[in-house]
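Q: okay, structure incoming, though there's no sequence with it:
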């Protein structure tokens, strides 16, 4: 929870294990370019499929309201606040997709069309209002030394007075973590032309290969009480846990654990996702682990076993994520209703 909420105010494809293993590429993950560097170049765009189509145009437009803000950064804030849920309500009363407290909304809520009273439950009002608030904070902290975007995010969390007093990002651990997490999470929403290899990919594949032939279990996480069986996202979660990366439990949330390679950029270890709606990440229903050659390790459905399948076998390929430790660590923990389980305590001033 951020200070803005209370300050004035989510059987096989016929390929042998040895043959598939030959596709494994071990690389070293290095960022292809920081969000802040890309922002300075003025060329930051949303990655396709990272924002529900009903909000993408709004975020792309309003994410350019001021130089300190980018569309991916605004998208990361909306995802962190509510998981793009326009009906989210927090325990302290923050409302809507941008989680405004009523007192804050009274000051910063706008209707861009100037045709009605601003409505906190309407994303067409709430998203522009969040951008407006961001840019107001950027203006308030414009004379503070350091990176202006980091200072804006710190003010979003702790309030501008704390940033001005500290002459930069204050030493509060919650605020420092917020700045780091939002900046890192924004990478998952950023369209990129090059994406580096993942150093953990080989280990994740090795783990998933060791589970080939295991019967599928809906809700399975590989627990002893479940006879060590998995469902699709349980397998991917366990595979990356084996190399020290903690992923969310649900496939749709795992989608945001790193940058998104195109189909032609797929590398072994990438997670491949499938959605009922080709334009909406909230409709993701399945995930597998890419192993190369158009194949994935797949925990497909009840009655089947973990196996090699073609990436096209599901029929509704959505996209891929190259999992990174930083990307996974930046993800919020979303609870039913849009509450952020790992958000910080609100500031009440």
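A: Sure thing, it's come through. Treat the numbers as computed from the prediction; the structure is a model and nothing was measured.
Q: ok, and for stretch 174-185, which residues are buried?
A: Judged by neighbour count (16 or more other CB atoms under 10 Å), stretch 174-185 contains these buried residues: 174-176, 178-185. C-beta here means a position set from N, CA and C on the backbone, and glycine is covered the same way.
Q: next one: the helix or strand harbouring residue 286 to chain centre, how far?
A: Assigning secondary structure by DSSP states H and E places residue 286 in strand 284-292. Relative to the chain's own centre, strand 284-292 is displaced by 17 Å; criterion: CA atoms, centre = their mean, to the nearest Å.
Q: who's in contact with that strand?
A: When contacts are taken as CB atoms under 8 Å, 6 or more residues apart in numbering, the neighbours of strand 284-292 outside the stretch itself are 20, 22-25, 204-205, 208, 232-233, 235-236, 239, 251-252, 254-255, 266-276, 296-299, 308-309, 311, 314, 318, 320.
Q: for the one helix or strand residue 75 maps to, name the packing helices and strands.
A: With the criterion set as DSSP H and E, the secondary-structure element containing residue 75 is helix 71-82. Counting contacts by 3 or more CB pairs under 8 Å, 6 or more residues apart in numbering; DSSP states H and E, the secondary-structure elements packed against helix 71-82 are helix 35-40, helix 53-62, helix 123-140, helix 173-188.
Q: any chance of those helices in CSV, with distance to residue 82 and mean pLDDT too?
A: As requested, the helices and strands packed on helix 71-82 are arranged in CSV below (distance: least, CB to CB, whole Å; pLDDT from 0 to 100):
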stretch, distance to residue 82, mean pLDDT
helix 35-40, 21, 41
helix 53-62, 11, 95
helix 123-140, 9, 97
helix 173-188, 14, 93
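Q: picking up where we left off before, which among the buried residues of stretch 174-185 gets closest to residue 142?
A: Relative to residue 142, the closest of these is residue 179; by CB to CB it sits at 16.9 Å.
Q: re earlier: out of the helices and strands packed on helix 71-82, flag the one nearest residue 116.
A: When those are compared for distance to residue 116 using CB to CB, the nearest one is helix 123-140, at 8.4 Å.
Q: what comes up buried for the closest one?
A: In terms of neighbour count (16+ other CB under 10 Å), helix 123-140 has its buried residues at 123-138, 140.
Q: and for stretch 213-223?
A: Those would be 214, 216-217, 220-222, for stretch 213-223 by 16+ other CB under 10 Å.
Q: just these: which are in helices?
A: Counting by DSSP state H, the buried residues of stretch 213-223 place none of their members in helices.
Q: quick one: which of these is nearest residue 80?
A: When the buried residues of stretch 213-223 are compared for distance to residue 80, the smallest value, 25.0 Å, is given by residue 221; criterion: CB to CB.
Q: quick check: closest non-adjacent residue to that closest one.
A: When the adjacent residues along the chain are set aside, residue 221 lies closest to residue 234, with 4.4 Å between them (CB to CB, 6 or more residues apart in numbering).
Q: tell me the secondary structure for the one you found?
A: In the three-state summary, residue 234 is assigned as helix, counting by DSSP: H, G, I helix; E, B strand; the rest coil.
Q: measure residue 93 to residue 311 for me?
A: To residue 311, residue 93 is 44 Å away according to CB to CB, to the nearest Å.
Q: more neighbours: the two, which one.
A: Neighbour totals were compared for residue 93 and residue 311, and residue 311 leads with 20 against 14 (other CB atoms under 10 Å).
Q: check contacts around the more buried one.
A: Residues near residue 311 by CB under 8 Å, 6+ apart: 266, 272, 288, 290, 294-296, 317.
Q: so the residue nearest to the spatial centre of the chain, which state does it fall into?
A: In the chain, the C-alpha nearest the mean C-alpha coordinate belongs to residue 256, at 3.2 Å (CA atoms, centre = their mean). With three-state DSSP as the basis, the three-state label of residue 256 is coil.
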